[in-house]
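Visitor: Here is a sequence with its predicted model. Questions after.
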Amino acid sequence: MGKKHIAVAMGGYSSEFEISIGSGNIVCNALDKNKYEVYPVHILKEGWFHLSEDGVKHPINKADFSFSNGNDIIHPDVIFNTIHGTPGEDGYLQAYWELLEIPHTSTGYYQAALSFNKRDCLSVLKGFGVLCANSYYVNKGTNINLEEIVLKTGLPCFVKPNRSGSSFGISKVHNMAELMPAIEKAFTEDSEIIIETALNGTEVQVGVYNNGSEVIVLPPTEIVSENEFFDYAAKYLGKSQEITPARISKEETQMLQQEARRIHSLLGMKGISRSDFIIEKGKPYFLEINTNPGLSKESIVPKQAREAGMTLTQFFDILIKNVL
């Protein structure tokens, strides 16, 4: 039995493509080379290609996602998807790989699309009794009634693009004067935005993954931001402390893990997800779920996996075995 061919997909078309390339390279380095032949695959607006070790770009044949390694044509056995944002986290590539019948490590195309759309995801989960912040939705080109928004969400509130990862375009608004500029900023990322009550409490993020038929929850991470909230600078430029495991009571930890597992299962997630919550007055309020969370050394899920006693090599191996 030869080694399995694993294509590690990275990049994407969003403002997060550089972060994704970082995640992808970590995965390439961590995968067990005794078991797998590993191929970095860049999916970028300027083209799709396998980047070989000597720096040659071998184009991807979109008919079957095959590519040359310099000598042979490779048909990957599994795609390890590390693309944050579009088209790897919103369902496009998942649907395409599913049509080609190539197993991939991320969740299904519908689950990816649903969770990428924060509003739609919140609407589904509220129906199952998941606690969420009060929210108000605005689309580009419609009349915006600032008083009505503040009546619904109160101040301070968060203004977020509906379909963007990595905290691009998010603002925290403290007074009426800041609201319209924040809405305009969010519209630079998306034509749909979501405005939510700013909850007061401990921000905690929890990774969940499938191991065969089991759904396993990782130790939670507490986010302590030096900035007003966990924005891009806090997330990627080290302006926050991420404390794993979170400094919350055993009861809170269990409640949070139970809710993260329930959400992962309610949405029919596969692979790995990371749910973000704020614990306010002892209750977990759900913020959002990411289906392709960051996998760089600094990222939250890898830290949680290490806290749970796994190396990244072991953890990524489970994700591949799930789909082989």
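Guide: On my side now, so go ahead.
Visitor: switch to C-alpha atoms for all contacts and neighbour counts from now on
Guide: OK.
Visitor: Poorly predicted segments of this protein, please.
Guide: The model of the chain has pLDDT under 70 over residues 1, 164-167, 226-239.
Visitor: looking at it, which residue lies furthest from center?
Guide: Most distant residue from the mean C-alpha position of the chain: residue 71, 35.1 Å away (CA atoms, centre = their mean).
Visitor: distance of that one from residue 58?
Guide: 11 Å (CA to CA, to the nearest Å).
Visitor: cool, and residue 224?
Guide: 43 Å.
Visitor: next one: residue 13
Guide: Counting by CA to CA, the gap from residue 13 to residue 58 is 19 Å.
Visitor: likewise residue 211?
Guide: Going from residue 211 to residue 58 by CA to CA gives 33 Å.
Visitor: max-length helix in the protein?
Guide: Across the chain, the longest stretch assigned as helix under DSSP state H is helix 250-266.
Visitor: where do the helices sit along the stretch 51-200 of the chain?
Guide: For the stretch 51-200 of the chain, the helices defined by DSSP state H, counting those that start in this stretch cover 92-100, 109-116, 118-126, 146-153, 176-187.
Visitor: any idea which of those is most buried?
Guide: helix 109-116 (a mean of 21; mean count of other CA atoms under 10 Å).
Visitor: That helix vs helix 118-126, what angle?
Guide: Angular relation of helix 109-116 and helix 118-126 on a 0 to 180 degree scale: 100 degrees, by axes from the mean of the first three to the mean of the last three CA atoms, to 10 degrees.
Visitor: What is helix 109-116 packed up against?
Guide: Helices and strands touching helix 109-116, by 3 or more CA pairs under 8 Å, 6 or more residues apart in numbering; DSSP states H and E, are helix 92-100, helix 118-126, strand 283-290.
Visitor: Dump those into CSV; add distance to residue 76 as well.
Guide: Listed next are the helices and strands packed on helix 109-116 as CSV, based on distance: least, CA to CA, whole Å:
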stretch, distance to residue 76
helix 92-100, 11
helix 118-126, 32
strand 283-290, 25
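Visitor: Identify whichever of those lies nearest to residue 250.
Guide: Residue 250 sits nearest to strand 283-290 of all these, at 13.5 Å, using CA to CA.
Visitor: Could you check how many residues crowd around the nearest residue to residue 185 once chain neighbours are set aside?
Guide: In space, and not counting its chain neighbours, residue 185 is closest to residue 169: 5.8 Å by CA to CA, 6 or more residues apart in numbering. Residue 169 has 23 neighbouring residues, counting by other CA atoms under 10 Å.
Visitor: dump the residue contacts of residue 169.
Guide: Going by CA atoms under 8 Å, 6 or more residues apart in numbering, residue 169 touches 160, 161, 185, 186, 187, 188, 189.
Visitor: Closest one of these to residue 29?
Guide: Using CA to CA, residue 189 comes nearest to residue 29 of the contacts of residue 169, at 32.2 Å.
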